[in-house]
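just the structure for this:
(one chain, ligands or ions: 1)
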Amino acid sequence: MRSTLVRQFGDPEQVIELVETGRTEPAPGEVEVEISLAAINPSDLIPVTGAYRARTELPFVPGFEGVGTVSRVGAGVHQLKPGDRVVPIGASGLWQQFLVRPAEWCFAVPDDVSDMQAAMSYVNPLTALRLVEALRTHFGSLEHRSVGVTAAGSAIGGMLMKLLALEGSAPTAILRSDKSRHRLGEGYPIIVTDGGGVPAGTRFDAVLDAVGGTLAAGLISRSISPGGTFIQYGALSGVPVPQAAIAGRPDVRFAFLWLRTWVHSAGREALEAAFARSFAGLRDRLFASPVAASYPLSRLDEALAHQADPLRNGKILLDPRC
Ligand SMILES: NC(=O)c1ccc[n+]([C@@H]2O[C@H](COP(=O)([O-])OP(=O)(O)OC[C@H]3O[C@@H](n4cnc5c(N)ncnc54)[C@H](OP(=O)(O)O)[C@@H]3O)[C@@H](O)[C@H]2O)c1
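Residues are numbered from 1 along each chain as shown. Have a look, this model is predicted:
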């Protein structure tokens, strides 16, 4: 079968190999899933660079998100059967034709959710829901709370803007350039930083940050009201949030949110409830992600080059069947 493999850390375009490997028989409690579409997310590429080398074992097959059809079931699996469409989660490995996972880590996809929607139903929708839940825990109610969202032109940024508005809060999109302004739709305040920070005097009750570096440092130091919160969930700038900025604001609650931590402690029932919300959000376009292109896995090099293109206008998907 067609697969990908990372044998050494480095630039994803250099070190992710296309390989042919054998299929694995599903053991008791496991299912084999033929992957029909997998997403390329920043969180797939960061481990490839070696940023998390202490907790990343080589070699590995990348890909945390996608959808497929159950092709074989191991002994004792009664909840799934061949032909069922599922989203398999809990470990990487989606960038291959056939994936074997424990049945308990596979979530059935409703018939009215397309493969394309299901392939993006996990990482960003569930993280956006967790981030909003974290704000609700901090403030009690989000009504009229001002929330700054950095990298608001990203797939998850767009979801956060819509979710926050639905919660009655007042989200402001923080963009690095005008390029993705059109993705946000009408009605949101937008700040374009153009390599700098937000204007002096800007005040938020909370900031949801996926950028880090100097933008995050400036927001923490000058733009969050006392008693507010700063939640970091990404570092697109490649630079962590400077500790000095955090230490300088003891009146602001600083938190990290990683979906993976929640997923591995939440339990099946909470995950099923989260997927139900994600599928509902996909139906009504709350969680819709623009798609820039879909590539056969055999053209992985083109897909990765497109992913790295600063002018990319949406998600890149991979079809491991071809
Ligand atoms: N913690 C978690 O568990 C978790 C889960 C999901 C996602 N995330 C994080 O969320 C972030 C976005 O993920 P995604 O899937 O939504 O990505 P995406 O759709 O690929 O979006 C990336 C966009 O972010 C913007 N961007 C990139 N570098 C930037 C920078 N240095 N400064 C400001 N904006 C920048 C760009 O927008 P423009 O087009 O406007 O330039 C780019 O198009 C990533 O950091 C990812 O790791 C974290």
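
only C-alpha atoms from now on, for both contacts and neighbour counts.
Noted.

can you list the residues of this protein near the ligand?
Contact residues, the chain versus the ligand (CA under 6 Å from any ligand atom): 41-43, 123-124, 127, 151, 153-156, 175-177, 179-180, 210-211, 233-237, 257-260, 315.

and the buried ones among the residues you listed, selectable in PyMOL?
Buried residues among those (16 or more other CA atoms under 10 Å), as a PyMOL selection:
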select buried, resi 41+123+124+127+151+153+154+155+156+175+176+180+210+211+233+234+235+257+259+315
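
show me the residues of the chain next to the ligand that map onto strands.
Using DSSP state E, the subset of the residues of the chain next to the ligand located in strands is 175, 315.

since we're on the residue lying closest to F256 once chain neighbours are set aside, how many residues are nearby?
Nearest residue to F256 in three dimensions, chain neighbours excluded: Q232, at 4.9 Å (CA to CA, 6 or more residues apart in numbering). Residues within reach of Q232, counting by other CA atoms under 10 Å, total 22.

list the buried residues of stretch 309-322.
By 16+ other CA under 10 Å, the buried positions in stretch 309-322 come out as 313-321.

how about TSV for those residues, with pLDDT added?
Converted to TSV, the buried residues of stretch 309-322 look like this (pLDDT from 0 to 100):
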residue	pLDDT
N313	91
G314	94
K315	97
I316	98
L317	98
L318	98
D319	98
P320	98
R321	97
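
so which pair among those is furthest apart in space?
Across these, the longest distance by CA to CA is 24.3 Å; it joins N313 and R321.

residues touching the residue nearest to F256, list them.
By CA atoms under 8 Å, 6 or more residues apart in numbering, the contact set of Q232 is 208-210, 212, 254-257.

pull out the buried members of those residues.
Buried by 16+ other CA under 10 Å: 208-210, 212, 254, 257, out of those.

as a markdown table, these with distance to E32 would be great.
As requested, the buried ones among the contacts of Q232 are arranged in a markdown table below (distance: CA to CA, whole Å):
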| residue | distance to E32 |
| --- | --- |
| L208 | 37 |
| D209 | 37 |
| A210 | 34 |
| G212 | 38 |
| F254 | 41 |
| L257 | 31 |
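
hey, where'd the helices end up in the chain?
Using DSSP state H, the helices of the chain run over residues 12-15, 42-49, 115-118, 123-139, 155-166, 213-222, 243-247, 259-266, 268-283, 300-308.

could the ones you listed go into a markdown table alongside mean pLDDT?
Shown next, in a markdown table, are the helices of the chain (pLDDT from 0 to 100):
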| stretch | mean pLDDT |
| --- | --- |
| helix 12-15 | 98 |
| helix 42-49 | 95 |
| helix 115-118 | 98 |
| helix 123-139 | 98 |
| helix 155-166 | 97 |
| helix 213-222 | 97 |
| helix 243-247 | 96 |
| helix 259-266 | 97 |
| helix 268-283 | 98 |
| helix 300-308 | 98 |
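
need these in a markdown table (columns: distance to A108).
Output for the helices of the chain, formatted as a markdown table (distance: least, CA to CA, whole Å):
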| stretch | distance to A108 |
| --- | --- |
| helix 12-15 | 31 |
| helix 42-49 | 22 |
| helix 115-118 | 10 |
| helix 123-139 | 16 |
| helix 155-166 | 22 |
| helix 213-222 | 38 |
| helix 243-247 | 41 |
| helix 259-266 | 16 |
| helix 268-283 | 9 |
| helix 300-308 | 27 |
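
for Q97, find the nearest of those helices.
Comparing these by CA to CA, helix 300-308 comes nearest, at 13.1 Å.

give me the angle between that closest one and helix 42-49.
110 degrees (axes from the mean of the first three to the mean of the last three CA atoms, to 10 degrees).

show me how far helix 300-308 is from its chain's centre.
18 Å (CA atoms, centre = their mean, to the nearest Å).

stretch 220-232 now?
On CA atoms, centre = their mean, the centre of stretch 220-232 falls 23 Å from the chain's centre.

and stretch 233-241, by the same measure?
Relative to its parent chain, stretch 233-241 has a centroid offset of 14 Å by CA atoms, centre = their mean.

ok, and what's touching it?
By CA under 8 Å, 6+ apart, the surrounding residues in contact with stretch 233-241 are 208-214, 216-217, 256-258.

OK, contacts around the residue of the chain most remote from its centre?
When distances are taken from the C-alpha mean of the chain, A75 lies farthest, 32.6 Å away, according to CA atoms, centre = their mean. Contact analysis of A75 by CA under 8 Å, 6+ apart lists 27-30.

which one of the residues you listed is nearest the ligand?
Proximity of these to the ligand (CA to the nearest ligand atom) peaks at E30, which lies at 25.4 Å.

count the residues that sit near the closest residue to the closest one other than its chain neighbours.
Nearest non-adjacent residue to E30, counting by CA to CA, 6+ apart: P102, 4.0 Å away. If you count neighbours by other CA under 10 Å, P102 ends up with 19.
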